[in-house]
Structure formats: structure tokens, C-alpha cells
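Trainee: Pasted the sequence and its predicted model underneath.
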Amino acid sequence: MNVVEIMTRKLETVDADAPIYDAIEKMIDKRIRSLLVKPKDDKDVHGVVTVRDIVNKALLKNLDLNKAKVRDIASKPLVCVDKDMDVEFAVNLMSKFNIARVFVNHGKEIIGIISLLDVLSAALIRRAREGHRV
Amino acid sequence: MFEKVLFGGKREQQVIEDIKRHIEILHAASGCFRKALAENDKQQLYCIADLEREADSIRREIISKVYEGAFLPYLRSNLVRFVEIVEGVFDLLKDAAYAFEFLDQTLDKEISGECVEIADKNLKMSELLLIAFETLFGKEDLREKTLAIRIYEKQVDEIKHDLIRKLSEKEVKNFWRGKMLSDFVDSLTRISNVIEDASDYLVIINVSLR
């Protein structure tokens, strides 16, 4: 199974220069655990900010959430897999880097995200279908 | 011997085959709806009305056979209820197709992707419902099948959340277009709930068979 078959296409983004509070609001509103951080300019690259980053790098360090910027706590560069890669490869990558999600790219464009929960859901659906074909 | 008493007789087997056929038709209708939506081709919607009529006649046959004496009395109402829930999915499909047909334009680009994705998940859920029903009389674990259905339902719920947000940001320029679009999205997004209800009912039937 390729990652493109099970990835989430909806990508929520946040500006690198936005206050961390904006990122928190977006995560709460959209019920998601990570945001794609847009590059500042043509020379910059995408990043990611996760709930874990916010708790560990901002809340625990008593950063002012309205003043500190997303870029201060975001991780770069992104860990990406090509859309045609096997899911197993993505899972190995997550395990190797101890992360819960990887981004999916098609050429230079980021087209989706795949999380451990997506992998688990896909595995359970596949298991339920095994041996059956309508 | 016990299995034969519960569902191994000739009449029981006929009912089981009819229910399978009923769900297979649901799968075919869901596929037809998904195709019409993906290709934005309203001409293809005629198949839904045809399949719904066929399913309606099978439903009547199932209910007649059940009350003519197929299955032990305590199982009859549960089986009939299950068939009626599946019938509810046909009603929603028909309503969604009707609203789609009467939209004066095709679906807007901003929402068509989400709508096709929901129709696709509805199709996969109907396939899993058939698999789950077959599991009822086999040795596989029904829980695995109903869990897969619940996963799809949650995914549809998430897409629905986005879809409603996008719709709420759109300006309604014409009352009837707004109403038809709202009816369409409402029916489309309720299908997964009803399929999940049907799979929950299979769990009840499964418990009553033990």
C-alpha cells in the first residue's frame, strides 16, 4: 500500500512569524495535533509545529505565547516521503526519528500528511477486508 | 444442529441470501452515486432510482418470508429492523441524488472534492457492511468489521466538519439553490451514520444468536 492511498490531504498551515497563540488556537479549533509552518521567503523551507513542541518548548519554558513566534519552536526541515512510497517505509521513518507523522510530497510540493493513527486505521480496515472482495 | 435450527433451514437460507442481495444492491447504488458525483454527470443518477426500486421489492420479500416463519420468533424483529435500517440508507442516497439532480449548476470546486471523498467512504462502508453481515454466519470476528466501519464513519465526520465550515462561508444568492445544496450535503453526510447504525445492529443480532 502506498502512502498516497491513506494520507490526509487536508493540510493546515500557520505563518512562521505568527505568535504561538495563533497556532494553539488553530489546533484547538481544528482538533489537530500539528501544523505545517509556511516558509518565510523563497530561501526558507517548510517546518512543522506540533502540540509536543508547544508544551515542551513554549509552555514549560514560560514563553509569552503572544510574543514568541511559531518559528522559534518549529522543527525544520520536514521529514517527508514521496507519495508513491510504501507505507511500511513511512512507518520505519517515524520509528527511526521517533515522530508520530511524516509529510507526503509530490516533487517539491507537499500534498498530505500521514500519521501513526492513519497507519493504524488503514491496517485495521485492510484486516477487516482480508479475504473478501465484493 | 443448533446452527441449523437458527439459520440453516431452507427458508432461513433464502432470507440470508435476500439480505445479502439487498446490501449488494446498496453497494451498487453507492458506487453509481459516487461515479455520478466524481464525473459531475447527473445523467448517471437514474441507476439509483432503479436500484432503489429493486431493493424495495427485495425488502418486502424478506419481511414476508420472515413473518411467514423463517427464523425463531425472537430473531425476526431484529432481522427486520436491520433490513429497515439498510432501507434508510437507500432513502438518504435517493434524497442526495434528488437534491444533486435539482441543483441548477454542478457542485462548486471548493466542495466537490470533499463530497466525492464522502461518497467514496460511503461506498467502502457499504462493502464492509456486506462483509460484516456475512461474518454473522461464519467464524470470523464481527468486531473487526464493525470497527473498520466506525473508522470510516469518524473520517466522514471530519470531512463533514470542513464541508459545513466551507458552506457556512459561502454566500447564498438563491434560496432554492441554497436549500438544495444544504439538503444534498445533509443526506450525503448522514449515510455513514446510518450504515454505522446498521453495523451496530449486526452486533445485537450476533449477541442474540449466541
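Mentor: Alright, I've got the coordinates.
Trainee: and residue B:159, helix, strand or coil?
Mentor: Here residue B:159 takes the helix state, with states given by DSSP: H, G, I helix; E, B strand; the rest coil.
Trainee: Distance of it relative to chain A?
Mentor: 8 Å (CB to the nearest CB, to the nearest Å). The C-beta positions use only the backbone N, C-alpha and C, and glycine is treated the same way.
Trainee: I'd like the next helix or strand past the helix or strand bottoming out on mean pLDDT in chain B.
Mentor: Least confident helix or strand, chain B: helix B:2-3 with a mean of 51, by mean pLDDT, DSSP states H and E. Next along the chain after helix B:2-3, taking DSSP states H and E as the criterion, comes helix B:10-38.
Trainee: packing partners for that next one?
Mentor: Secondary-structure packing of helix B:10-38 (3 or more CB pairs under 8 Å, 6 or more residues apart in numbering or on different chains; DSSP states H and E): helix B:46-67, helix B:73-102, helix B:109-135.
Trainee: shaky segments in chain A?
Mentor: A:133-134 (pLDDT under 70).
Trainee: Flag every residue of it that's near chain B.
Mentor: Contact residues, chain A versus chain B (CB under 8 Å from any CB of the partner chain): A:10, A:121, A:124, A:125, A:127, A:128, A:129, A:132, A:134.
Trainee: Of all pairs in these, which one is the farthest apart?
Mentor: Spanning the widest gap among the residues of chain A next to chain B are A:10 and A:132, at 29.3 Å by CB to CB.
Trainee: re the thing from before, now that we have the residues of chain A next to chain B, which one has the most neighbours?
Mentor: Comparing the residues of chain A next to chain B by number of neighbours (other CB atoms under 10 Å in any protein chain shown), residue A:128 comes first, having 24 neighbours.
Trainee: Tell me which residue in chain B sits closest to chain A.
Mentor: residue B:148 (3.6 Å; CB to the nearest CB).
Trainee: For the closest residue to that residue other than its chain neighbours, which residues are in contact?
Mentor: Of all residues not flanking residue B:148 in the chain, residue A:128 sits nearest, at 3.6 Å (CB to CB, 6 or more residues apart in numbering or on different chains). Neighbour list for residue A:128: B:128, B:131, B:144, B:145, B:147, B:148 [criterion: CB atoms under 8 Å, 6 or more residues apart in numbering or on different chains].
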